[in-house]
Structure formats: structure tokens, C-alpha cells
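In: Take a look and give me a structure for this.
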Amino acid sequence: MTSVPKVLLINRKGRKPYYFFRVGGRQYTRTKRRDAYTLLNSLLATEPVEGGLIYVAEAVREWCRLNPGDWEKGRLLNWLDFNKSAKLADVDDRHVADYLAWMKKRGFSPWTIRHNMRLAYAVLNWCHDCGWVSRVPKKPRMPVPQRVAKDIPTERLADVLDGLPAQVKPLVLFILASGCRPGEGRLLRWEQLRLDAGTCELSRHKTAGRTGRQRTIYLTPMATAILEGQPRTSEYVFTSRLDKPYTRHGLRSILANKHRKHPTFPYAMRHTFGQQALDSGERLEMVQKLLGHAKITTTAIYAEIRDERVRQHASVMTTPIERAEEVKRGRKSASNRQKVLARKAG
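Out: You can find the predicted model right below:
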């Protein structure tokens with residue numbers, strides 16, 4: 001079986017770097033690595049592989065050909081960079097552990113490592129089902145991602161809101177005022193509103209498959225005022241200038257481009273709502289209901305003790321010295337009262 005063509009980085013002095021590979025006697029160049037691998041896979045995927053596979057790159061190419069709709073298969077570029085010309089027979093437990101260490105050394109986040117490893121094992125499991133590998137390597141222990149609430153500080157929130165375009169500002173304000181998920185706000189329809197009851201009823205939402213219940217968004221007075229001020233030009237409440245609902249990447253890019261020094265994202269508005277609700281003294285169970293969490297452990301992420309909350313409690317806290325002074329004054333007043341009663345009795 002012929003070897004898999006390699007994509008080479010050409011970096012010459014005075015010229016812009018580019019990626020180069022040769023297939024079928026022809027040379028191809030691309031300025032981006034992702035474009036080079038995409039073109040290479042498209043050229044190699046014209047005919048299915050007959051017989052067994054030898055190289056990891058061949059297995060990745062064939063798996064991508066059979067799964068064209070998987071939008072995450074670009075993560076397999078890291079798997080290809082690590083393996084290069086490795087054979088499927090060489091992929092064992094030690095090889096997978098080295099791939100994990102390779103990603104850690106390059107500073108990949110725990111979430112990225114998990115996604116990359118998941119796709120790598122999807123390819124290996126497929127090779128095992130086809131009979132091209134005898135066993136699937138044991139999955140190593142993955143790093144645990146640390147989930148923290150990424151809210152916007154109060155002193156920076158006004159600057160974030162002032163720089164928003166007028167068309168998208170009501171949507172961002174609604175997420176901030178109701179604590180709904182950005183996807184729930186983007187796709188909110190007029191028929192789902194119950195303004196008389198102060199709620200929005202959603203049948204399709206993030207936790208519908210686990211809970212089997214509809215999602216209720218409880219509207220604050222500010223959220224109700226935002227909804228009442230929206231024009232009814234479409235079936236959706238919040239629309240772009242094209243009279244269509246915002247896409248996930250579109251809303252995210254608007255917030256990121258308007259604040260390049262301090263980039264933010266739509267979910268930060270929801271995190272800010274939950275964090276400030278707990279800072280104002282709301283119970284954890286109440287915030288869970290407002291945010292629509294299926295488990296209270298998810299809401300507990302927002303219950304991080306911050307410096308602002310500590311300062312508020314410290315300003316009203318009674319110290320042991322003050323308690324001792326109160327006890328001393330109480331004893332003194334009781335002694336004076338006994339003396340007065342003794343005089344009257346005498």
C-alpha cells in the first residue's frame with residue numbers, strides 16, 4: 001500500500017509561510033494548515049480503501065470520508081500531527097498516554113484534550129470494528145476541567161453594555177435581566193410568552209432530554225419591559241437586521257469584536273445574573289429555579305465566595321470584642337437595677 005502524502009510547512013525568508021504537499025504527481029499549496037489537510041483529504045477520499053489499513057493517517061482519512069457531517073473532525077489534525085507516519089499496529093496504551101502528554105505539554109485546555117481524545121477513540125473503535133486493530137487501547141485518565149462562573153465585574157458591566165449595537169442590545173439585556181441561556185433568548189418566539197403570568201414556556205431546551213419537563217423562564221420587571229418594547233416584525237422576539245434570529249457564532253462574534261481589550265461572550269450575561277442573585281442574598285434553590293438547572297450542583301458553581309460578598313458580610317459582622325462589651329454593659333445595667341430596687345425596699 002502506498003504511503004500517505006505528508007503536508008510540509010515551507011517557511012522561507014522574506015516570503016509568507018505556506019503548506020505544501022504532492023498527490024498524483026501534482027503539487028498543491030495552501031496558506032493555512034487546516035485548508036491544506038481539507039484539500040488533501042478531499043483528494044484522497046475519491047476512492048474507498050480496499051483491504052486493510054496500515055497507517056493512522058489512512059484510518060483518519062477514511063473515517064472522515066465516511067463521516068462527512070461531523071463538524072468536529074478538524075480536531076483530528078492534532079491526532080495527525082502527533083502520529084505523522086505511525087502505523088495502527090503501534091497504537092497501544094503507551095502510545096495513547098504519550099498523545100495525552102503531548103497535548104498537555106502544548107498547553108491544551110482540559111476540555112480540548114477531552115474532545116480530541118474522544119474523536120481519536122472514535123477512529124480507533126471504528127478500526128477495531130472493521131478488524132484492522134486487534135484491541136482498542138485503554139483510555140488514560142483525563143484531566144478534569146474546572147468549571148467556574150465567568151461573570152462580568154460590576155465596574156466593567158456598564159462599559160460592555162454601552163458599546164453594543166442598538167439591534168443586538170435588547171437581546172443581551174434580556175439575557176442579563178432574566179438569566180436565560182443565550183440560545184433560549186436567541187430563538188424565543190412570541191407564542192412562547194406569557195406576559196400576564198410573568199413567564200416564558202419553552203418545550204425545547206438544553207435539559208429537556210434529561211428532565212422531560214418544559215423550561216420556564218421567570219421574568220423580572222426589567223425583562224418584561226424589554227419584551228414589551230420589542231416590535232412584532234417576525235415570529236421571533238429578537239432578530240438581526242436581516243429579520244432573522246441571531247446565530248450562536250454571530251452573537252458571540254459581536255460581543256467579542258466590540259470589546260477586543262476585554263472580550264466577553266453571551267454566557268457571561270447569564271453567569272452575571274446568577275452570581276449577582278446570590279450576592280444579593282437569594283437562596284441557592286431559588287437561583288436554581290431561575291436559571292433552570294436540573295441539578296443544584298450546577299448552581300453551586302455560582303456560589304463561589306467572592307471578595308465583594310465577604311466585604312458586605314464583614315461590614316455588618318459583630319466581632320467578639322463587641323459581644324464582650326454588650327455582655328459587660330448588660331451586667332452593669334443589671335447591677336444598677338438591683339441597687340435601685342434595694343434602695344426602694346429600704
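In: contacts and neighbour counts: CA atoms only from here.
Out: OK.
In: Straight-line length of stretch 198-205, end to end?
Out: With CA to CA, to the nearest Å as the measure, stretch 198-205 spans 19 Å from end to end.
In: mind checking how far that stretch is from the chain centre?
Out: Counting by CA atoms, centre = their mean, to the nearest Å, stretch 198-205 is centred 22 Å from the centre of its parent chain.
In: wait, what's in contact with the most centrally placed residue in the chain?
Out: The residue lying closest to the centre of the chain (CA atoms, centre = their mean) is Tyr267, at 7.7 Å. Residues counted as contacts of Tyr267 (CA atoms under 8 Å, 6 or more residues apart in numbering) are 181-182.
In: Need the nearest residue in space to Leu291, chain neighbours excluded.
Out: Closest residue to Leu291 apart from its sequence neighbours, by CA to CA, 6 or more residues apart in numbering: Gly179 at 5.8 Å.
In: OK, contacts around that neighbour?
Out: Residues near Gly179 by CA under 8 Å, 6+ apart: 269-271, 273-274, 290-291.
In: if you set the cut-off to 10 Å instead, what comes out?
Out: Remark: with contacts taken as CA atoms under 10 Å, 6 or more residues apart in numbering, Gly179 is in contact with 173, 185, 217-220, 223, 267-274, 277, 287, 290-292.
In: which residues of the chain score low on pLDDT?
Out: Where the chain drops to pLDDT under 70, the residues are 1-6, 12-14, 23-26, 41-53, 68-73, 148-149, 258-263, 304-310, 312-313, 346.
In: And the helices in the stretch 151-300 of the chain?
Out: According to DSSP state H, counting those that start in this stretch, the stretch 151-300 of the chain carries its helices in the segments 154-162, 169-178, 182-186, 208-211, 221-228, 248-258, 267-279, 284-291, 296-299.
In: Can you tell me which of those helices is nearest to Asn83?
Out: Of all the helices of the stretch 151-300 of the chain, helix 248-258 sits nearest to Asn83, with 31.6 Å by CA to CA.
In: If you count contacts, what does that closest one end up packed against?
Out: If contacts are counted by 3 or more CA pairs under 10 Å, 6 or more residues apart in numbering; DSSP states H and E, helix 248-258 sits against helix 154-162, helix 169-178, helix 182-186.
In: quick revisit: roughly how far does the residue nearest to Leu291 sit from Ala268?
Out: To Ala268, Gly179 is 10 Å away according to CA to CA.
In: Give me the common contacts of these two.
Out: Taking CA under 10 Å, 6+ apart as the criterion, Gly179 and Ala268 both touch Gly274.
In: Can you give me the buried ones in stretch 246-262?
Out: Neighbour counts over stretch 246-262 (16 or more other CA atoms under 10 Å) mark 246, 251-252, 254-256 as buried.
In: with the residues you listed in mind, which one is nearest to Gln230?
Out: Of those, the one sitting nearest to Gln230 (CA to CA) turns out to be Tyr246, at 15.2 Å.
In: Now for Val96, how many residues are close by?
Out: 18 (other CA atoms under 10 Å).
In: what's near enough to touch it?
Out: Shown in contact with Val96 (CA under 10 Å, 6+ apart): 102, 117, 120-121, 137-140.
In: just Lys150 next, same as before
Out: When contacts are counted by CA under 10 Å, 6+ apart, Lys150 touches 264-265, 267-272, 275, 301-302.
In: Double-check that it belongs to a helix.
Out: No. Assignment of Lys150 by DSSP: H, G, I helix; E, B strand; the rest coil gives coil, placing it outside any helix.
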